[in-house]
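>>> coordinates only, sequence not included:
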């Protein structure tokens, strides 16, 4: 299964080290593919630097760790779906470019209310941890030449 983790999930997993960190462990234990994009790295970098005062060296060490355990995609198209917070469209773009099945998010204002977009489920960390093992074998949604379903 291919999975995109929203910025808030990544920040929570590595800064607070609470139950959300289990998402990272579960994703790796299941053999799922963690899909990231330059936008996700940039947003995580900005949040960790500005809100939590992580040093550049600490942030770089995190990105090096993530890079070795994820698949980087560079979306060519950013959909215009979420107008209240257009930056969230970059999460959708990474998901589409990475042919992901699921977005794991804590964004209760913009992403989670969609529940699904373009055949891709949008779920909470708790719901991700509750997924049955059978979901690992899901095939990505079929996309046309213009990267749409």
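Looks like it arrived, so ask away. Just so you know, these numbers come straight off a predicted model, no measurement behind them.

>>> Direction included, what does the helix or strand harbouring residue 3 pair against?
Using DSSP states H and E, residue 3 sits in strand 2-5. Strand 2-5 has the following strand partners under DSSP bridges: strand 33-36 (parallel), strand 102-104 (parallel).

>>> now what about the helix or strand just after the shortest one, what contacts it?
Scanning forward in sequence from strand 102-104, with DSSP H and E defining helices and strands, the next element found is strand 116-117. For strand 116-117, the external contacting residues (C-beta atoms under 8 Å, 6 or more residues apart in numbering) are 81, 92, 95, 103, 122. Yep, even glycine has a C-beta here, placed from its N, CA and C like the rest.

>>> before we move on, what about stretch 6-13?
Taking contacts as C-beta under 8 Å, 6+ apart, the residues outside stretch 6-13 that touch it are 5, 18, 20-21, 23-24, 40, 43-44, 47-48, 52, 66, 91, 103-107, 111, 125.

>>> my read is residue 75 is in a strand, agree?
No: in this structure, residue 75 is coil, not part of a strand, as judged by DSSP: H, G, I helix; E, B strand; the rest coil.

>>> Quick check: it touching residue 37?
Yes: applying C-beta atoms under 8 Å as the test, residue 75 and residue 37 come out as touching, 6.0 Å apart.

>>> The nearest residue to residue 19 once chain neighbours are set aside and residue 6, how far apart?
The spatial neighbour of residue 19 that comes closest, neighbours along the chain excluded (C-beta to C-beta, 6 or more residues apart in numbering), is residue 125 at 7.3 Å. Residue 125 is 10 Å from residue 6, where distance means C-beta to C-beta, to the nearest Å.

>>> ok, back up a step: hmm, which two among the contacts of strand 116-117 are most spread apart?
81 and 103 (12.1 Å; C-beta to C-beta).

>>> What is the burial count for residue 132?
Residue 132 has 6 neighbouring residues, counting by other C-beta atoms under 10 Å.

>>> residues in contact with the residue nearest to residue 19?
Counting by C-beta under 8 Å, 6+ apart, residue 125 has contacts 9, 12, 19-20, 22-23, 104, 106.

>>> Please report how far it lies from residue 100.
The separation that residue 125 has from residue 100, given C-beta to C-beta, amounts to 16 Å.
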